[in-house]
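*Asks:* when you get a sec, could you give me coordinates for this:
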Amino acid sequence: MNAASKETLGFKTEVKQLLHLMIHSLYSNKEIFLRELVSNASDACDKLRFEALQNDALLEGGADLKIDIHFDKDARTVTIEDNGIGMTRDDVINHLGTIAKSGTAEFLGKLSGDQKKDSQLIGQFGVGFYSAFIVADNVVVETRRAGEDAANAVRWESAGEGEFSLENIEKAERGTRIVLHLKEGEEEFADSFRLQSLIKKYSDHIAIPVFVQADAEEAAGEEGEEAKAPEAVNQAKAMWTRSKSDLTDEDYTEFYKHISHDWNAPLTWMHNRVEGKLDYTSLLYIPAKAPFDIWNRDASRGLKLYVQRVFIMDDAEQFLPLYLRFVKGVLDSNDLSLNVSREILQQDKQVDSMRSALVKRVLDTLEKTAKNEPEKYQSFWDQFGEVLKEGPAEDFANREKIAGLFRFATTLSEGETENVGLADYVARMREGQKKIYFITGDNHAAVSTSPHLEYFKRKNIEVLLLTDRVDEWMVSHLADFDGKVFQDVTKGELDLDELADDTEKDQQKALEDSHKDLVERIEKALEGEVKSVRVTSRLTDSPACMVVGQYDMGGHLRRMMEAAGQKMPEPEIALEVNPSHPLIERLDQEQDEERFVDLARLIHAQAQLAEGSQLKQPALYVARLNKLLLDLMK
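*Replies:* Model prediction:
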């Protein structure tokens, strides 16, 4: 041991916070520490097996990979040891445990201070190596990377408070040894039966054999017998290669937790073996909860890729599109090359074929869930609906199938929590209706009371109420569903040919003819503010509303783009007025031209506010309104 190499370093601030929170929040599920440490050991063995494909010297003459678990009741220690890839000094500092990876700042921003809620967030983030401190008050890690000299090993030690120490040591065997010094009261884990039962419960699916030290009496065997050699506790067979009939729901759930570092059970899963032109096995999971970084499109994603049971990479993103980034799982192919790289994957026709099949499988499963288990599907939609809405823009071939999975609140649904599928909407369209009508806005309260809906409510025509940030962009790429085009009710003139009878059309024409002078006066008063003014039958209770051109960007999306710093071209904005409303009738009778201009501008400003826009000169609007109120009080 080289004492001169020993140094003490401090945890980063965010790791300190997470460590403290985790230790004090996971007390009710403390046994997961073993699952996490065995999972890490298994990953280390997988990575060695992969790197040894290119350099078999890394195996150092020992190709049998394994995980050993020892304990000492008297010393109150538990040791988890693997002969996997191991770590260098820099690896230990930079990559020791899931919590130390990127994204901790974003994660901390979501913490509420409510211990119960925050512990659920920890489950989404993954607890990893630092789960050891749930049961231990001191943790020692001794590790040497495969291929390094024995003198290049390192010891890491910490009490899980504010700092850790590092020193160089000698270690003959490659791999990592973790020694947990159990807290007082946690002696139950220094027991063979307890450890074996936890391995069977949480890690039976691990493809690396896990050996647990027997108790002294058990190891000695019957009187006169030689000590028994330890046997693997787990099946040590890749979970996905086993028959579905041999697996339980608990098996699938624990394997999901192993690959995802999520401690919530998955919503559902798909386990399939494909033989024929392509030969591969897939085990895909749909989580029950969205991870904290679901909106970080650059975050690690994808499937664990194996080739002929040999681990290749953790995040093979080529097999699923970005809008399905929430899907977790494993893909094991017999057709890809063992020396496969990300560059090769991007150009491989077999990858394209597998990707198409996997996408279809996920969409089919969601479709089946929506049909047979609507409550479960609603739970999925609440977590991942906005992500799925990216689909039509990214996957043209499946856009109709994806759209069939969408759910929206409508003018006929009970509040914002009752969602309607597009197939249901189309099925109950009124006779002769050719379009799917929708409106976008900041929230349900704003869109459900929009003046633009007044005509549709009067005619009992259902309108989709879209309030997600992605909605208007999504609809622009979807265009139609089941042969019915989408129509934003805030854009363009109302199509009376489709919605009105002959009497209504005649009445509209008469209104336009009889109010030409009023329209001209309002256009003059609002010169430079709007492109045009027209009378409309779209309104019943409101005096006016703003309407953008049929091919212009909607107000909701425009406001979001401008808030993000994007300079947008000026839209073709029209003011539509309701000639039957008392305010418009009063405006039409106004003889004082200055007063007429003030009233016209007040009505225009109200229409802007009703659609969610900000006024360019709010103080001027207040001044005009105050002047009007004072005149009325005289």
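*Asks:* which positions in the longest helix along the chain come out as buried?
*Replies:* Identified as the longest helix of the chain according to DSSP state H is helix 349-372. By neighbour count on 16 or more other C-beta atoms under 10 Å, the buried set for helix 349-372 is 351, 354-355, 357-359, 361-363, 365-366, 369-370. From N, CA and C alone the C-beta is placed, and that goes for glycine too.
*Asks:* need those in JSON lines (columns: pLDDT).
*Replies:* Shown next, in JSON lines, are those (pLDDT from 0 to 100):
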{"residue": "351", "pLDDT": "88"}
{"residue": "354", "pLDDT": "93"}
{"residue": "355", "pLDDT": "94"}
{"residue": "357", "pLDDT": "95"}
{"residue": "358", "pLDDT": "96"}
{"residue": "359", "pLDDT": "97"}
{"residue": "361", "pLDDT": "97"}
{"residue": "362", "pLDDT": "97"}
{"residue": "363", "pLDDT": "97"}
{"residue": "365", "pLDDT": "97"}
{"residue": "366", "pLDDT": "97"}
{"residue": "369", "pLDDT": "96"}
{"residue": "370", "pLDDT": "96"}
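*Asks:* can you count the residues close to residue 503?
*Replies:* The number of residues packed near residue 503 is 8, by other C-beta atoms under 10 Å.
*Asks:* tell me which residues are up against the longest helix of the chain.
*Replies:* 268, 270, 272, 274, 277-278, 280, 282, 284, 286, 318-321, 324, 327, 331, 333, 335-336, 345, 376-377, 380, 395, 398, 401-402, 404-405, 421 (C-beta atoms under 8 Å, 6 or more residues apart in numbering).
*Asks:* from the contact counts, what lies against the helix or strand hosting residue 143?
*Replies:* Secondary structure from DSSP states H and E places residue 143 in strand 136-144. For strand 136-144, the packing partners by 3 or more C-beta pairs under 8 Å, 6 or more residues apart in numbering; DSSP states H and E come out as strand 153-158, strand 175-182.
*Asks:* any idea how far residue 337 is from the residue nearest to residue 273 when sequence neighbours are not counted?
*Replies:* Nearest residue to residue 273, sequence neighbours excluded (C-beta to C-beta, 6 or more residues apart in numbering): residue 281, at 4.9 Å. To residue 337, residue 281 is 17 Å away according to C-beta to C-beta, to the nearest Å.
*Asks:* for those two, indicate the residue with more neighbours.
*Replies:* For residue 281 versus residue 337, neighbours defined as other C-beta under 10 Å are more numerous around residue 281 (19 against 11).
*Asks:* hey, least reliable of the helices and strands packed on strand 136-144 by pLDDT?
*Replies:* Out of the helices and strands packed on strand 136-144, strand 153-158 stands lowest, with a mean of 92 (criterion: mean pLDDT).
*Asks:* give me the contact list for that strand.
*Replies:* Applying C-beta under 8 Å, 6+ apart, the set of residues contacting strand 153-158 is 11, 87-89, 92, 96, 138-144, 164-171.
*Asks:* what strands line up against it, and which way round?
*Replies:* Strand 153-158 has its sheet partners listed here by DSSP bridges as strand 136-144 (antiparallel), strand 163-169 (antiparallel).
*Asks:* and the last one, which residues are buried?
*Replies:* In terms of neighbour count (16+ other C-beta under 10 Å), strand 163-169 has its buried residues at 164, 166, 167, 168, 169.
*Asks:* what do you get for stretch 243-261?
*Replies:* In stretch 243-261, the ones that count as buried by 16+ other C-beta under 10 Å are 247, 251, 252, 253, 254, 255, 256, 257, 258, 259, 260, 261.
*Asks:* which of the residues you listed lies closest to residue 206?
*Replies:* residue 258 (7.3 Å; C-beta to C-beta).
*Asks:* correct me if wrong: the closest one contacts residue 35.
*Replies:* Yes. Counting by C-beta atoms under 8 Å, residue 258 does reach residue 35; the two are 7.0 Å apart.
*Asks:* who touches both of the two?
*Replies:* By C-beta under 8 Å, 6+ apart, the residues touching both residue 258 and residue 35 are 202, 203.
*Asks:* got the buried residues of strand 163-169 as CSV, with distance to residue 294 and pLDDT columns?
*Replies:* Formatted as CSV, those follow (distance: C-beta to C-beta, whole Å; pLDDT from 0 to 100):
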residue, distance to residue 294, pLDDT
164, 31, 82
166, 35, 90
167, 40, 92
168, 41, 93
169, 41, 94
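*Asks:* let me have the strands paired with strand 153-158 in JSON lines, extended by distance to residue 60.
*Replies:* Shown next, in JSON lines, are these (distance: least, C-beta to C-beta, whole Å):
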{"stretch": "strand 136-144", "distance to residue 60": "10"}
{"stretch": "strand 163-169", "distance to residue 60": "17"}
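*Asks:* how about these, which one is nearest residue 209?
*Replies:* strand 136-144 (20.2 Å).
*Asks:* kindly check the end-to-end length of stretch 370-379 for me.
*Replies:* One end of stretch 370-379 to the other measures 10 Å (C-alpha to C-alpha, to the nearest Å).
*Asks:* what residues of it count as buried?
*Replies:* 370, 377, 378.
*Asks:* then stretch 62-71?
*Replies:* Quick answer for stretch 62-71 (16+ other C-beta under 10 Å): 65, 66, 67, 68, 69, 70, 71.
*Asks:* burial count for the closest residue to the second one other than its chain neighbours?
*Replies:* What that stands for is residue 66. The shortest distance from residue 66 to any residue other than its chain neighbours is 5.1 Å, reached at residue 209 (C-beta to C-beta, 6+ apart). Around residue 209 there are 19 other residues, counting by other C-beta under 10 Å.
*Asks:* I figured residue 209 was touching residue 230, is that so?
*Replies:* No. Using C-beta under 8 Å, residue 209 makes no contact with residue 230, being 9.9 Å away.
*Asks:* how much space between the residue nearest to residue 66 and residue 615?
*Replies:* From residue 209 to residue 615 the distance is 71 Å (C-beta to C-beta).
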